[in-house]
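Colleague: Structural data only, the sequence is not supplied:
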């Protein structure tokens, strides 16, 4: 008996999710159904693909080799289906997008309803990481990067720029006073990033030049965490406009030292590997983002 596509899909899902239970949830099937599919596949191939323990599943050497072929087969099927959908001018398939959590929450998520109305055949998988990821390792189609790009293996499509501003809540300023000069910030609670250190150099003009390196009182890895801390009145923060526009419009955050702030803008790029042949679903997503954010 020949191997079926359903068995290959089940095998790939188990590897990608790390468990039979998670694979069943992802595919909308029962745990027993996924387990039977995996057993049938191993029986047909006459080899063990995965070692099962109470804690985890581990690929055998044969399983790792077969996984490469499995991915190639399923990717080829996806491409064939997508090609037919593109001919009908209906981009289709799964689109995996990665971005830092603040950008995902404030810039991409609000656009998802409109994108889904325009492209109902595209299923979105949205992942967040506050540090850059390996696109191939994470099987990501498009990643949104904020700031200067350092990876020359990536192709970038500019999506716009966002200005950096120093901000605080009215409650914090009422309690601690509003700094009138840059050097007065040293007496305030400053909210900074754990990494990269470049994000702790604020665009403030003074005797030190056009940027001022802070000594943070509180640090966090995520800009969204720092935003929430600023809203709670914990201290002063420097964040990009894309995540604070609504806060500034409502008065929840106000700009500090606007006359001393240098107009520094962070570039926003959509990146993908240079050897990636852009599919209709990727092109439609990039065009959509470019139009809405440009």
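Modeller: Cool, got the structure. In this text the structure is predicted, and so the values were computed from the model without any measurement.
Colleague: from here on, contacts and neighbour counts on C-alpha atoms
Modeller: OK.
Colleague: Need the pLDDT of residue 6.
Modeller: Looking at residue 6, its pLDDT stands at 93.
Colleague: Identify the residue nearest it in space, chain neighbours excluded?
Modeller: Closest residue to residue 6 apart from its sequence neighbours, by CA to CA, 6 or more residues apart in numbering: residue 37 at 7.7 Å.
Colleague: and the one you found, helix, strand or coil?
Modeller: Following DSSP: H, G, I helix; E, B strand; the rest coil, residue 37 is assigned to helix.
Colleague: How much space separates it from residue 170?
Modeller: 59 Å (CA to CA, to the nearest Å).
Colleague: what does residue 55 give?
Modeller: 50 Å.
Colleague: Quick one: residues contacting residue 31.
Modeller: 20-21, 23-24 (CA atoms under 8 Å, 6 or more residues apart in numbering).
Colleague: Out of those residues, which sit inside helices?
Modeller: 20-21, 23-24 (DSSP state H).
Colleague: in the sheet, who's paired with residue 201?
Modeller: Legend: beta-bridge partners of residue 201 under DSSP bridges are residue 213.
Colleague: Just to check, it is in contact with residue 214?
Modeller: Yes: here residue 201 reaches residue 214: they are 6.4 Å apart, a contact under CA atoms under 8 Å.
Colleague: before we move on, the earlier item: TSV for the ones in helices among the contacts of residue 31, including neighbour count and distance to residue 273?
Modeller: Output for these, formatted as TSV (neighbours: other CA atoms under 10 Å; distance: CA to CA, whole Å):
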residue	neighbour count	distance to residue 273
20	23	31
21	16	32
23	24	27
24	20	30
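Colleague: What is the nearest of these to residue 210?
Modeller: residue 23 (51.7 Å; CA to CA).
Colleague: quick one, strands of the stretch 51-200 of the chain?
Modeller: Per DSSP state E, counting those that start in this stretch, the stretch 51-200 of the chain carries strands over the ranges 57-59, 93-99, 122-128, 142-146, 154-168, 191-193.
Colleague: Let me know which of these is the nearest to residue 109.
Modeller: With CA to CA, the closest approach to residue 109 among the strands of the stretch 51-200 of the chain belongs to strand 122-128: 9.1 Å.
Colleague: Just give me how far the closest one sits from the chain centre.
Modeller: 9 Å (CA atoms, centre = their mean, to the nearest Å).
Colleague: going forward, begin numbering at 820 instead of 1
Modeller: Yes, from this point I'll number from 820; that puts the last item at strand 941-947.
Colleague: Could you give me the buried positions within that strand?
Modeller: 941, 943, 945, 947 (16 or more other CA atoms under 10 Å).
Colleague: Read off the pLDDT value for the spatially most central residue of the chain.
Modeller: The centroid of the chain falls nearest to residue 918 when counting by CA atoms, centre = their mean (1.9 Å). pLDDT, residue 918: 91.
Colleague: can you check residue 1095 too?
Modeller: pLDDT, residue 1095: 52.
Colleague: And the one 5 residues further on, by the same measure?
Modeller: Reported pLDDT at residue 1100 in the predicted model: 85.
Colleague: what do you get for residue 935?
Modeller: Note on residue 935: pLDDT of 95.
Colleague: Between residue 874 and residue 989, which is the more surrounded one?
Modeller: residue 989 (19 against 7; other CA atoms under 10 Å).
Colleague: which residues does the more buried one contact?
Modeller: Each residue near residue 989 by CA under 8 Å, 6+ apart is listed here: 1052, 1070-1073.
Colleague: Show me which of the residues you listed are buried.
Modeller: 1052, 1071-1073.
Colleague: I'd like the residues you listed laid out as JSON lines, including secondary structure, distance to residue 827 and pLDDT.
Modeller: Output for those, formatted as JSON lines (DSSP: H, G, I helix; E, B strand; the rest coil; distance: CA to CA, whole Å; pLDDT from 0 to 100):
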{"residue": "1052", "secondary structure": "coil", "distance to residue 827": "53", "pLDDT": "97"}
{"residue": "1071", "secondary structure": "coil", "distance to residue 827": "52", "pLDDT": "98"}
{"residue": "1072", "secondary structure": "coil", "distance to residue 827": "52", "pLDDT": "98"}
{"residue": "1073", "secondary structure": "strand", "distance to residue 827": "54", "pLDDT": "98"}
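Colleague: okay, now residue 960: neighbour count?
Modeller: Other residues close to residue 960 by other CA under 10 Å number 22.
Colleague: quick one, phi psi at it?
Modeller: With angles defined as degrees, to the nearest 10, residue 960 sits at phi -80, psi -50.
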